[in-house]
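K.L.:
Build me a model from this:
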Amino acid sequence: QVQIVESGGGSVQAGGSLRLSCAVSGDTACMYEVSWHRRAPGKEREFVADIDTDGGTDYTDSVKGRFTISRDNAKNTVYLEMNDLNPEDPAMYYCNADQVCRGHWTFGYWGQGTQVTVSS
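P.N.:
You can find the predicted model right below:
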């Protein structure tokens, strides 16, 4: 069973920073590709960033240069460092993990989300 726990959300002023954490627990023989997504009120959920098992990263255009995704495999935790937050960033941020065990993939483990609020 894979469990996802997000933390680090909060309220900051525009231009401020937050670091979100996504702790992934599961079979230690498996690896995880992890992504962050967000959903703002009245909007569809959107992809923010991901990091694959080799450390390769990808970002949606609106956060490139401001957000950085990283992982600490020893802690089974993925981080999303968010800088220069602006009024378009407030949302519930969700962590997603896809598990690969001995070449077999299981997709779509989601956390409960952590709220990010930005005040101008």
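
K.L.:
helices and strands of this structure: which one has the lowest mean pLDDT?
P.N.:
Using mean pLDDT, DSSP states H and E, the weakest-scoring helix or strand in the chain turns out to be strand 104-110, at a mean of 94.

K.L.:
and the next helix or strand after that one, average pLDDT?
P.N.:
The first helix or strand that comes after strand 104-110 along the chain, using DSSP states H and E, is strand 114-119. Mean per-residue pLDDT for strand 114-119: 97.

K.L.:
Quick one: distance of strand 114-119 to the chain centre.
P.N.:
On the basis of Cα atoms, centre = their mean, to the nearest Å, strand 114-119 sits 14 Å off its chain's mean C-alpha point.

K.L.:
Only C-alpha atoms, please: export the least confident helix or strand of the chain in PDB.
P.N.:
The C-alpha coordinates for strand 104-110 follow below in PDB (Å, rounded to 0.1, in the frame of the first residue of the first chain):
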ATOM      1  CA  HIS A 104       5.600  -3.200 -13.200                       C
ATOM      2  CA  TRP A 105       3.900   0.200 -13.000                       C
ATOM      3  CA  THR A 106       1.000   1.200 -10.800                       C
ATOM      4  CA  PHE A 107      -0.300   4.600 -11.500                       C
ATOM      5  CA  GLY A 108      -2.200   7.300  -9.600                       C
ATOM      6  CA  TYR A 109      -1.500   7.400  -5.900                       C
ATOM      7  CA  TRP A 110      -2.700  10.700  -4.600                       C
END
